[in-house]
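Asker: below are the sequence and a predicted model for it; my questions follow.
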Amino acid sequence: MLAIIDYGAGNIGSVQRACVETGIQSVITPDPADLKKAQRIIFPGVGAAPTAMENLKRTGLGEAIKQAFAAGTPILGICLGAQVVLDRSEEGDTPCLGLIAGTTVRFKLQDKSLKIPHIGWNSVKVLQQHPLLADIDKEDEFYFVHSYYPQPAKLESMFAVSDYGGEFCCAVGNKNYFAVQFHPEKSGRFGLEMLLRFAKWDGSVPAKSGAKGK
């Protein structure tokens, strides 16, 4: 079973529709018990970190995510699921799940012609090999909608960057948890291919990630 976590953060339906389009069977669930039984978990979401963390604590889903991570269950975080996985978010100075060391930060743009939130299509530069980033080329574009982004404390946790008034981290990972700031479910063929790779991923990563020269 692939479980899509419903914790009131929105964007759940579009993720499941993308799964249906690729032939991936999934269930949307607000039940922490379902995460214990799931073979894979998608942790999506849009919205504010303080509200998200409050809901995760209230429902027990936050603890269930931690337990699934500890058990080695492959987990894909999307957007908010790439932010609240770190130690803290600048949004409301919010303590988060702490599965990846670091802080989620707000864009601080010098170019005043650029708007926040960052909305639109951007290419992604892969820094380290990862099964979910396989075959991504520098011309491939993904869809972003966000004002904050993950800033991991260790370079080994940063797998890809994009550019919006300067490079920012758009993919983070730690063992069986991998997360992207962009929306694969809204990114056309390249995003659907990532979801298909996730449906086959066993949670393992290369013993030593190497820089990818594309």
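Answerer: Nice, I can see it. Numbering: from 1, shown residues only.

Asker: where in this protein is pLDDT low?
Answerer: Residue ranges of the chain with pLDDT under 70: 208-214.

Asker: tell me where it has strands.
Answerer: For the chain, the strands defined by DSSP state E occupy 2-5, 27-29, 40-43, 75-78, 86-89, 94-95, 100-106, 118-123, 125-126, 141-146, 148-152, 158-163, 167-174, 177-180.

Asker: turn the ones you listed into JSON lines, including mean neighbour count.
Answerer: C-beta: built from backbone N, CA, C; applies to glycine. Converted to JSON lines, these look like this (neighbours: other Cβ atoms under 10 Å):
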{"stretch": "strand 2-5", "mean neighbour count": "24"}
{"stretch": "strand 27-29", "mean neighbour count": "17"}
{"stretch": "strand 40-43", "mean neighbour count": "26"}
{"stretch": "strand 75-78", "mean neighbour count": "28"}
{"stretch": "strand 86-89", "mean neighbour count": "21"}
{"stretch": "strand 94-95", "mean neighbour count": "16"}
{"stretch": "strand 100-106", "mean neighbour count": "19"}
{"stretch": "strand 118-123", "mean neighbour count": "14"}
{"stretch": "strand 125-126", "mean neighbour count": "18"}
{"stretch": "strand 141-146", "mean neighbour count": "20"}
{"stretch": "strand 148-152", "mean neighbour count": "22"}
{"stretch": "strand 158-163", "mean neighbour count": "20"}
{"stretch": "strand 167-174", "mean neighbour count": "22"}
{"stretch": "strand 177-180", "mean neighbour count": "26"}
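
Asker: dump these into CSV; add distance to Asn55 as well.
Answerer: Shown next, in CSV, are the strands of the chain (distance: least, Cβ to Cβ, whole Å):
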stretch, distance to Asn55
strand 2-5, 10
strand 27-29, 14
strand 40-43, 12
strand 75-78, 15
strand 86-89, 14
strand 94-95, 12
strand 100-106, 17
strand 118-123, 24
strand 125-126, 32
strand 141-146, 19
strand 148-152, 17
strand 158-163, 27
strand 167-174, 21
strand 177-180, 18
